[in-house]
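**Student:** prediction below, plus the sequence it came from.
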Amino acid sequence: MDHSPSRAVTPSRGVIGAYIRVLDRLSTAVAVLAGALLLAGVLAVCHMIFMRYVLGESTTWQTEFAVFSITGAMLFGAPYVLMTGGHVAVTVLPDALGGWPRKAMQLVASLVGLGFCAALTYGGWHYLLEAYHGGWTTGTVWNPPLWPALLPLALGISLLTLQYLAEILRGES
């Protein structure tokens with residue numbers, strides 16, 4: 001099923017319609033941030049390759065930065081992927097059933113996804129706050145604080161949870 005914003009059935013009025021429109025816009029804006037983080041990670045890898053193989057120098061921060069930025073890009077891009085229907089799904093059974101059984105299966109799958117993301121949201125924020133208040137670092141040569149690397153987990157999965165709710169309210173879960 002195509003969840004692209006242009007084809008999605010979005011209630012035009014009321015609080016639910018406003019919620020869905022705000023979440024769709026926020027997911028789109030955060031997807032732009034995801035693209036920037038992906039680009040930053042790619043540039044860090046290119047810098048690392050240049051430093052190691054052209055200049056013969058060792059590197060300290062590039063690998064960790066690339067992992068953090070590309071992981072952040074994935075987490076920040078997930079709500080947009082859900083909104084546009086870009087996720088991978090096996091739809092043989094729902095497509096064969098059609099009608100209300102298909103809608104019911106999609107709703108159950110979305111509720112399971114919502115529950116999983118809600119639990120991960122709680123855990124992500126708990127982990128982030130623990131790392132921040134504990135002054136945790138990565139323990140590597142670069143040794144940056146860990147909480148900035150965990151922030152995309154907490155924010156991205158929170159937005160994914162809210163986007164799941166928007167998709168359920170949209171009625172195209």
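**Tutor:** Perfect, thanks for sending it. Residues are numbered from 1 along each chain as shown.
**Student:** from Phe68, how far off is Tyr127?
**Tutor:** 15 Å (C-beta to C-beta, to the nearest Å). Just so you know, the C-beta spots here come from the backbone N, C-alpha and C atoms, and that holds for glycine as well.
**Student:** ugh, wrong one, I meant Val88
**Tutor:** To Phe68, Val88 is 25 Å away according to C-beta to C-beta.
**Student:** also Gln163?
**Tutor:** The gap separating Gln163 from Phe68 is 23 Å, by C-beta to C-beta.
**Student:** least trustworthy helix or strand in this protein by mean pLDDT?
**Tutor:** Across the helices and strands of the chain, mean confidence by mean pLDDT, DSSP states H and E is lowest for helix 92-97: a mean of 81.
**Student:** got the contact list for it?
**Tutor:** In this structure, residues lying in contact with helix 92-97 by C-beta atoms under 8 Å, 6 or more residues apart in numbering are 101-102, 105-106.
**Student:** how does it look with 10 Å?
**Tutor:** Helix 92-97 is contacted by residues 1, 101-106, 109 when judged by C-beta atoms under 10 Å, 6 or more residues apart in numbering.
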